[in-house]
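Take a look and give me a structure for this.
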Amino acid sequence: MTKPMVETLSQEHPAIQIKNISYAANRRPILHNVSLKVESGETLAVMGMSGSGKTTLIKCLAGLLKPQSGAIEIEGTDIVALSESQIEKIRLKIGFVFQNAALFDSLTVFENVSFGLRRHRHLKPSELANIVNEKLALVGLTDSANLYPSELSGGMQKRVGIARALAMEPTILLFDEPTSGLDPIIGTSIDNLILSLQEHLRITAVVVSHDVASVFRIADHIALIHNGSVACYGTTDEIANCSIQMVKQFIGSYHPIPRSDRVSVH
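Numbering: from 1, shown residues only. Now for the predicted structure:
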């Protein structure tokens, strides 16, 4: 059976260490004693049924919600113990890619991607342009800087959201349902982009998704959340062979894709 808990800590700080966090809203428990670890450069996928607590978990990682108990260490710093102003500094290390891209309709692609840079850094126009153009190139949107969100397909909007998250040079990327609402071909292209970013930038990623095929394509480890707790945690191979009935029902007949067969875009 797959291990339901994380392994012993390594000597160095992992990128993310979640220690026994619990969260409730309006006295309704949503997360209960959740513990997970994400090493630097790794992609952890968090799966679960709707209402299982996976979106709440990623919002806690981003510092948008604060658990009532437990600790969330980002590169060794417990953000649960920090004030809002202190958390703001930690957030600069974290890029958040929203489920619906969350672009500003009145801003161009260039203006959307540069939004955080304008707010947090004092850059010359040429420096700003260089960063934005570099990030757009990374997501395959070199010629889209002057377009508006309404002129983009759903997949292109997702890519702009990723470029905006990358603009601040984060060490951690959080993805909330990155393939939601996309057809299988476009969804696979987003998966390949995530793989490419991990390969070339060595970014640590946490991907919340109910898309089982997507998760098996991109993840190094998978955590399945059920009723607010970690029901199962392991590599894609361990999850595919997990004997827990609920896990078997959730993932169906999917099997891990060997790393060498996971095609990334360049």
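
in the protein, what secondary structure element scores lowest on mean pLDDT?
helix 245-251 (a mean of 85; mean pLDDT, DSSP states H and E).

Going by neighbour count, which residues in that helix are buried?
247, 250-251 (16 or more other Cβ atoms under 10 Å). Yep, even glycine has a C-beta here, placed from its N, CA and C like the rest.

now stretch 76-87
By 16+ other Cβ under 10 Å, the buried positions in stretch 76-87 come out as 77, 79-80, 82, 87.

Show me how far the least confident helix or strand of the chain is from its chain's centre.
23 Å (Cα atoms, centre = their mean, to the nearest Å).

element containing Gln198, please.
Here Gln198, judged by DSSP states H and E, is contained in helix 184-201.

Now for Ser153: which residues touch it?
Ser153 makes contact with Ile186, according to Cβ atoms under 8 Å, 6 or more residues apart in numbering.

what about dumping the CA coordinates of the helix holding Gln198 to PDB?
Taking Å, rounded to 0.1, in the frame of the first residue of the first chain, the C-alpha atoms of helix 184-201 are listed here in PDB:
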ATOM      1  CA  PRO A 184      -7.500  17.500 -24.500                       C
ATOM      2  CA  ILE A 185      -5.100  18.700 -27.100                       C
ATOM      3  CA  ILE A 186      -4.700  22.200 -25.600                       C
ATOM      4  CA  GLY A 187      -4.600  20.700 -22.100                       C
ATOM      5  CA  THR A 188      -1.700  18.500 -23.100                       C
ATOM      6  CA  SER A 189       0.100  21.500 -24.500                       C
ATOM      7  CA  ILE A 190      -0.200  23.200 -21.100                       C
ATOM      8  CA  ASP A 191       1.100  20.000 -19.400                       C
ATOM      9  CA  ASN A 192       4.100  20.000 -21.800                       C
ATOM     10  CA  LEU A 193       4.700  23.700 -21.000                       C
ATOM     11  CA  ILE A 194       4.700  22.900 -17.200                       C
ATOM     12  CA  LEU A 195       7.200  20.100 -17.800                       C
ATOM     13  CA  SER A 196       9.400  22.400 -19.900                       C
ATOM     14  CA  LEU A 197       9.500  25.000 -17.200                       C
ATOM     15  CA  GLN A 198      10.500  22.500 -14.600                       C
ATOM     16  CA  GLU A 199      13.200  21.100 -16.900                       C
ATOM     17  CA  HIS A 200      14.700  24.400 -17.900                       C
ATOM     18  CA  LEU A 201      14.100  26.600 -14.900                       C
END
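
That one packs against which elements?
Other elements packing on helix 184-201 under the criterion 3 or more Cβ pairs under 8 Å, 6 or more residues apart in numbering; DSSP states H and E are helix 154-166, strand 204-208, helix 212-218.
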